[in-house]
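Q: Have a look at this fold, sequence not included:
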């Protein structure tokens, strides 16, 4: 067979770039009964005397694909090919698990005349895709099943109808699994040098107090170094007593007499383990990933509604996952935290559901479940939720992480509130029990002023807050709120684009994205435009993190395009030793290939080293050493502006146009020293 390729997109010169991202000469590795392959990462392409002389090729013409492209055959739809002689792509797969594999493709069709392909194994037909619906959209479709024995095999993809497009392929032994969205990450290619396929599975909730750990050995392993413990860092670093020895076998017992943790594994505990693969020479060692599993606690968990839930239906039915070994459950419910926390004497029940009856609107309710396992009773946590009409719509949301250090807290008032009492601190119980005489009390906010600025917060720290609603003419006042939490980031956030809104400029809370990032509107020499003409002004679908990103249209027929943000915080780009700027960006294959750059303080410019960065179709992290700006004279302790642009800023020349997306601009300190 010959390796031949047709590149179907209009940008023929990027062919080499497409192939530079693929390791197509190495077989894919099936792990845990699944293998995932990008369509463009095939081993061989062969015309096979196709009756229409068609061949598969890579294209990037239609957006929405994963990876660097997708594969399709040219020609008018409706041109059918037989299995025996239609053009083919092959994918080498090392199957480590025998069994029945369900076959899926993420495909796109034009109509009912371009909606099928053939698939096979080792040259034998195994299935086809022939669906007459869901056209002009990327969607997962089933190809049937096939029996596979462990070993190296060739998966065949052949043309049935022309113009059929394949983005990704999934083969799995899980008959109940249906891929969604982009699907799982692509499987590794080449030999597996590290241990893999752990059991219990990584992250598993394990329902016993002893375990026989097992794994699949790396391809070149002669023996295995075993690490096991309760602390991730100790297991990762091999410190403490986590090294359990070197062995030949691929099994290891814990939680049993004569083995580590002879008294049994402890419910409510997460355990970590690592297997390093050692080759026969004893000196070549491949450090393994740290895996974990958790023994469920004796107390209940996973409450529904979740702890801190808002706008819960007054006719709600409560449910939970029982604690480890639980036989009976005692439920306590009320509208006062202390009463529910100290309650006793509930009747036992066998079910894990409870219906408190119709609840009042605009109130906070608490509940607790104690578990009995035949030997003892275990008191559960107190959970809480609010019904519609109570204070809600928190910002940041309850449990939020990576929150900026200058976060302003905000909320929407409840139906009965005339004012709000704000409580804020670093201890959950103290905030819960605080009153207006406590240091955690931060004052009253009148109706219409539902926000609180706590000032500059510490890095990587958890804070708690509570909002009590007050209305002196209502006998039920005050309404004591839930205690919410958030955790600040261990990096600086330059802009995550989450604070921008669509409010009218006359509104004091208005914060439109193009009023912060100043673009080239009305500037003849600057071809940039930030945001959209109509709400929502920020991008809310193509995002890297959170709910919004910044769309930037560029038209370099005027020379260059850039948008500038004037900084308020952070301006000291040396805080906590930060030394790296990261910017997430995404382009479009139809964009003109213009140089992407960032500028600090109006004159220090760093350009991306990929001249085709504007054509990258997946979210990409751009990592920049801040020294590159300091070398150009920037005082990193006083950074006033940051600009993002495309083109030749210092020597503008007429160029092309396109749309870019930016998100999660951050500053990181050096990683901690091991």
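A: Everything's here; your move. Because the structure is predicted, anything quoted here is derived from the model rather than measured. Numbering: from 1, shown residues only.
Q: Now residue 236. Nearest residue, chain neighbours left out?
A: residue 290 (5.1 Å; Cβ to Cβ, 6 or more residues apart in numbering). (C-beta placed from N, C-alpha, C; glycine too.)
Q: What's the local residue count around the one you found?
A: By other Cβ atoms under 10 Å, 16 other residues sit near residue 290.
Q: Correct me if wrong: it contacts residue 232.
A: Yes. Counting by Cβ atoms under 8 Å, a contact exists between residue 290 and residue 232, whose distance comes to 6.1 Å.
Q: Between those two, which contacts overlap?
A: Overlap of the contact sets of residue 290 and residue 232 (by Cβ atoms under 8 Å, 6 or more residues apart in numbering) consists of residue 272.
Q: In terms of helices and strands, where is residue 253?
A: Using DSSP states H and E, residue 253 sits in strand 251-254.
Q: who touches that strand?
A: Contacts with strand 251-254, where a contact means Cβ under 8 Å, 6+ apart, come from 210-214, 226, 228, 244, 259-261, 265, 271.
Q: and the residues you listed, which of them are in strands?
A: Of the contacts of strand 251-254, the ones assigned to strands by DSSP state E are 211-214, 226, 228, 244, 271.
Q: OK, contacts around the closest residue to residue 578 other than its chain neighbours?
A: Distances taken as Cβ to Cβ, 6+ apart place residue 667 nearest to residue 578, at 4.2 Å, with adjacent residues excluded. Contact analysis of residue 667 by Cβ under 8 Å, 6+ apart lists 491-492, 494, 570, 573, 575, 578, 580-582, 626.
Q: switch the cut-off to 7 Å
A: Going by Cβ atoms under 7 Å, 6 or more residues apart in numbering, residue 667 touches 491-492, 494, 570, 573, 578, 580-581.
Q: Equivalent analysis for residue 408, please.
A: Here residue 408 is in contact with 451, 453 (Cβ under 7 Å, 6+ apart).
Q: If I look at residue 9, what pLDDT would I see?
A: Reported pLDDT at residue 9 in the predicted model: 37.
Q: Doesn't the residue nearest to residue 578 belong to a helix?
A: No. Judged by DSSP: H, G, I helix; E, B strand; the rest coil, residue 667 forms no part of a helix; its state is strand.
Q: so how far is residue 516 from it?
A: The gap separating residue 667 from residue 516 is 18 Å, by Cβ to Cβ, to the nearest Å.
Q: Repeat that for residue 448.
A: The gap separating residue 448 from residue 516 is 24 Å, by Cβ to Cβ.
Q: who's more crowded, these two?
A: Neighbour comparison, residue 448 and residue 516: the larger count goes to residue 516, with 18 against 7 (by other Cβ under 10 Å).
Q: quick one, strands of the stretch 151-300 of the chain?
A: Assigned by DSSP state E, counting those that start in this stretch, the stretch 151-300 of the chain shows strands spanning 151-159, 165-172, 196-199, 204-205, 211-216, 223-229, 243-247, 251-254, 270-278, 285-286, 290-294.
Q: tell me the mean pLDDT for the first one?
A: To tie it back to what came earlier, the one meant is strand 151-159. For strand 151-159, the mean pLDDT works out to 93.
Q: ok, now the fifth one?
A: Model confidence over strand 211-216, given as mean pLDDT, is 96.
Q: Also the second one?
A: For strand 165-172, mean pLDDT rounds to 96.
Q: List the neighbouring strands of it plus their orientation.
A: Applying DSSP bridges to the sheet, strand 165-172 is found paired with strand 34-38 (antiparallel), strand 70-72 (antiparallel), strand 99-108 (antiparallel).
Q: Tell me which of these sits most buried.
A: Ranked by mean neighbour count, those are led by strand 70-72 with a mean of 27 (mean count of other Cβ atoms under 10 Å).
Q: now the helices for the stretch 251-400 of the chain?
A: In the stretch 251-400 of the chain, the helices defined using DSSP state H, counting those that start in this stretch lie at 337-342.
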